[in-house]
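K.L.:
after the sequence you'll find the predicted model.
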Amino acid sequence: MERTAIASHPKFLLSVVETARALNVSRKKLWEITAPRGDLPCIKIGTRVLYSPADIMAWIERQKLQQHQEAAQDV
């Protein structure tokens, strides 16, 4: 029964591969946009680099806002 309960919970953190797939970018590009090089936050647990889905969504919203602001400046 406990296994079913665990399986029904969403993932709290995504791996590098899962995050790159979700963003439709290469792992190299993900590395470039990950803090401290970029502004996408990550969480390190030992040698693993993981990403919070909430942080990913917030990063996407910041990118959209930044692009809208840049487009408005070009007008």
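P.N.:
Arrived safely, thanks for sending. Numbering: from 1, shown residues only.
K.L.:
any chance of the backbone angles for the spatially most central residue of the chain?
P.N.:
In the chain, the residue lying closest to the centroid (CA atoms, centre = their mean) is residue 56, at 3.3 Å. Main-chain dihedrals, residue 56, degrees, to the nearest 10: phi -60, psi -50.
K.L.:
give the contact list for it.
P.N.:
Residues counted as contacts of residue 56 (CB atoms under 8 Å, 6 or more residues apart in numbering) are 14, 19, 22, 23, 40. Bear in mind the C-beta positions are built from the backbone N, C-alpha and C, glycine included.
K.L.:
OK, contacts around the third one?
P.N.:
Residue 22 makes contact with 14, 56 under the criterion CB under 8 Å, 6+ apart.
K.L.:
can you give me the strands in the chain?
P.N.:
Ranges of strands in the chain, per DSSP state E, are 43-45, 48-50.
K.L.:
of all those, which one comes closest to residue 27?
P.N.:
Proximity to residue 27 (CB to CB) singles out strand 48-50 among these, at 10.2 Å.
K.L.:
ok now the closest one, how far from the chain's centre?
P.N.:
Distance, stretch centre to chain centre, for strand 48-50: 11 Å (CA atoms, centre = their mean, to the nearest Å).
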